[in-house]
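Undergrad: requesting a structural model of the entry that follows:
(chains A, B and C)
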Amino acid sequence: MPELLSLLPQAFIDGLLLGAVYAIVAAGLTLTFGVLRIINFAHGDFLTVGLYLTYIGATSFGFDPYVCLVFVLPLVALAAAFTYKVLIAPTLLDPEHNQVVVTLGLSLILQNLILTLFTADVHTIPSRIAARTLRFDDIFVQTAALGASIVSIIVCLALFWFLRATELGRRIRAAAQDHEAALMCGVDVNRMYLIAFCIGSGSLGLVAPLIAPFNYISPGVGSNFTLTAFIVVVLGSLGNLVGALVGGFIIGVVEAVAGLTTVGSINLIVTYAIFVLILLFKPEGLFGGRRL
Amino acid sequence: MSAPLLQVLGVSHSFGGLRAVSDVSFDLYGHEILGLIGPNGAGKTTLFDVISGFLRPKEGIITFEGGDITGEPPHRLARRGIGRTFQIVSPFPDISVLENVVTGVVGPNRRVGNVHKVALAVLERVKLDHRASMLARHLPLPEKKRLELARALGSGARLLLLDEVMAGLTPTEIDEIMTILSNLRKDGISLLIVEHVMRAIMSLSDRVVVMARGKVIAEG
Amino acid sequence: MKLVCNLLIGAIVAGGIVTVLPVYGQHIFILVALYGSLALAWNVLGGMTGQISLGHAIFVGAGAYVATALYLQLGVNPWIGFVCATLVGGALGGSLGYIVFRRQLSGVFFALVTLAIAEMARHAVSNISGLGAANGLAIPPQHGLANFQFSKTGFCYAALALLLVVSLAVIAIQRSRLGYVFRSIRENERAAAAVGIDVIQGKVIAAALSGALAALTGPFYANYVLFIDPESMLGIPLSIDALLFAFVGGLGSLFGPLLGAAVLVPLTELLRGLFSSRFAGIHLIAYGVVLIVVIRVAPQGLWGLMADLIARRAK
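TA: Predicted coordinates:
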């Protein structure tokens, strides 16, 4: 037991770093699902696409992963726009399950296309810019991970402010809450949805180069995030970006600490158990408000 | 005067800070058509939603056939004999007209003889029997409204709440529905009707309740 | 009545076909019957009641592991194992349904919770040595009716019998009051409540029935392949298969899911045979494309397309 206790601080920090990644992935999802009610099961796969674009930039052109941000972000945002126009927009008024199935199909296509093109080999792309590991007493922190965490917090808070305080953010929320009323106020509802979806899913184009230096890359890596992202979104209350941040940290820490006491992959069970418990006892999430 | 079929006593409901229905009271008797009129936003549909169990009133009591039904969920009210139609017409679109009514017949889960026979009889009452095998989504609007009516009748409703059932109909179609509705009253079914078509509601109704801004302002 | 007669005739014809199939063909036959049963079970909840499950593997896996564990550790007869499997599947389905539906959460949460539970089970079983962990459980080969282990041909008939049982169950549900309850929930929940239907109870029952029927395929697979492991019995691919075959075949029709399995299972085996492991993902890309195409272009699925074609020819 004492040995476990001594490992606890490192696990806690690891959990926070992991949680920051969950948070920023969930931030985009809470915008597209929480606010717009668009169900996108391929959310995590946009991250995979971004990671492989970064991989191409790093291996074929010798760019540092962070430099790849310059082209990865716009490309992923473009992919999001294309996805919205072709797959999402036509199903907005359909029964819910159409979006589930259509985005599920997209996820299958993206994952397996990448598998076919790049094989299942796992890659990592270390960065030359952030290559050090900081040490605080007995705790080790990779600078790349720390950088990603800081950016994650900034992005979540920035998106929170964007939705609350800017004109565009208000229009997006209006469009999402009541189409007809928004139309009458001169809001271009379709355009608002497109912009919001591109921000929400395109944000993964920002996340990818950030996490490439310390997160492994494989065809299924993004989709592993999808279910967890949904859980974080529900935990933090739909549409709440501060909730996504807090929820992400909670899940990250819980997973990391649970990983200390259990063997194998059992710690993931804890995340799913939390999900079931939330649905049972507090489906509106930690920050309450919006009906599910 | 016999006991009222439906009693609404001091019912209030609000959405957040907005008082939609405020201390509304009235009685409805058997074999009676009661009209509910008032401007848009007067709280009529909210009151309907409360009476039919889709909303739980913040204050007040509702009784039906002498029993307290306040706060009971819609499906239980339907089993007691309260049926309704919706402002946005809501048939079951991807099943046939006959199956729509059969759903109404079997919904309340009580013993009914030959289900299909009962359903067809109901369709005859609303003059939709010739459409029995058509998919509900292909019906024109007035027939969709009659289908909703038929479905509620099939469930054995003794009190029907009709929410703007004449909206969007031509004068001829309105006359057709008026005939059907007064025939229903002759058959012993009571109706609570929300309507904007004045001539219809005035000639059909035995009595009228007027609402504005959530309150009853006149009755008679 | 006519439908049941057609079904029995179809079963007899299929039984006849079994005798002339080569061994590999018989294997495909069994898979089609198994996946078809699973897709039919999925559709009770999916197509009939309109609630999409993304984790139906949980029922298959629960059935497989319960029956196999009982057999290996307590010597419980596989036939009783089937009964236990279906009871567990039903209880699981009902519980999951209750958790989500009593709060009137939207359908996507049911999809998410089924996915989460299936993944939870997969990780849990992978780490429980008593259940074979990631290495799985092997069933010792022991031919005999009592052990539910037969020759290939025998399994064909057994699979046909399973398919028949599930099909009859689905027909019975469709014809009963439950069928009307389920369909009205799919069509319009408010209107359903207004005619006396307890929507929450209906959804929970649908989930329970769907789980109970799906769970029957688990023990069958276990006794046929003589090996189960978390990947094959609780993995996401299995859940996607259930959904895929039902969608492609046609959600709104009773036997569309069976048609979907009958078309896609042989096709998948064919594609898998053609491509090396590098291109292992190609049939999944095809699945993804097919799903999107069906939703956008032909939501009534293959069965619906067939019905349209026949109706047009009749004119």
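
Undergrad: got the contact list for the residue nearest the centre of chain C?
TA: For chain C, the residue nearest the mean C-alpha position is residue C:38 (1.2 Å; Cα atoms, centre = their mean). Listed by Cβ atoms under 8 Å, 6 or more residues apart in numbering or on different chains, the contact set of residue C:38 reads C:56, C:60, C:214, C:217, C:241, C:242, C:245, C:261. From N, CA and C alone the C-beta is placed, and that goes for glycine too.

Undergrad: can you tell me which of these are buried?
TA: Buried members of the contacts of residue C:38, counted by 16 or more other Cβ atoms under 10 Å in any protein chain shown: C:56, C:60, C:214, C:217, C:241, C:242, C:245, C:261.

Undergrad: look up phi and psi at residue A:41.
TA: Torsion angles at residue A:41 (phi, psi; degrees, to the nearest 10) stand at phi -80, psi 0.

Undergrad: so it sits against residue A:104, correct?
TA: Yes. The criterion here is Cβ atoms under 8 Å, and residue A:41 meets it with residue A:104 at 4.7 Å.

Undergrad: contact residues of the stretch 101-250 of chain A facing chain C?
TA: The stretch 101-250 of chain A comes close to chain C at residues A:101-102, A:104-113, A:115-116, A:119, A:219, A:227, A:230-231, A:234, as judged by Cβ under 8 Å from any Cβ of the partner chain.

Undergrad: report the buried members of the residues you listed.
TA: In terms of neighbour count (16+ other Cβ under 10 Å), the buried residues within these are A:101-102, A:104-113, A:115-116, A:219, A:227, A:230-231, A:234.

Undergrad: of the residues you listed, list those near chain B.
TA: Filtering those for proximity to chain B by Cβ under 8 Å from any Cβ leaves nothing.

Undergrad: okay, and which of those map to helices?
TA: A:101-102, A:104-113, A:115-116, A:227, A:230-231, A:234 (DSSP state H).

Undergrad: and residue A:139, how far from residue B:8?
TA: Residue A:139 sits 67 Å away from residue B:8, going by Cβ to Cβ, to the nearest Å.

Undergrad: same question, residue A:277
TA: Using Cβ to Cβ, one obtains 41 Å as the distance from residue A:277 to residue B:8.

Undergrad: more neighbours, the two?
TA: residue B:8 (24 against 12; other Cβ atoms under 10 Å in any protein chain shown).

Undergrad: pretty sure the more buried one contacts residue B:21?
TA: No. With contacts counted by Cβ under 8 Å, residue B:8 stays clear of residue B:21, the gap being 9.7 Å.

Undergrad: burial of residue A:117, as a residue count?
TA: Residues within reach of residue A:117, counting by other Cβ under 10 Å, total 10.

Undergrad: check residue B:141 too.
TA: Other residues near residue B:141 come to 13 when the count uses other Cβ under 10 Å.

Undergrad: got the phi and psi for the residue lying closest to it once chain neighbours are set aside?
TA: The shortest distance from residue B:141 to any non-neighbouring residue, by Cβ to Cβ, 6 or more residues apart in numbering or on different chains, is to residue B:168 (5.7 Å). Backbone torsions of residue B:168, given as degrees, to the nearest 10, read phi 80, psi 10.

Undergrad: assess the claim that residue A:144 and residue A:215 are in contact.
TA: No. Residue A:144 lies out of contact with residue A:215 (Cβ under 8 Å); the separation is 9.1 Å.

Undergrad: residues contacting residue B:97?
TA: Residue B:97 touches B:123, B:128, B:131, B:132, B:133, B:134, B:135, B:136, B:139, B:147, counting by Cβ under 8 Å, 6+ apart.

Undergrad: just checking, the fifth one touches residue B:100?
TA: No. Judged on Cβ under 8 Å, residue B:133 makes no contact with residue B:100 at a distance of 11.4 Å.

Undergrad: neighbour count: these two, which is higher?
TA: In this view residue B:133 and residue B:100 are compared by other Cβ under 10 Å, and residue B:100 has more residues nearby, 30 against 9.

Undergrad: sweet, I'm off.
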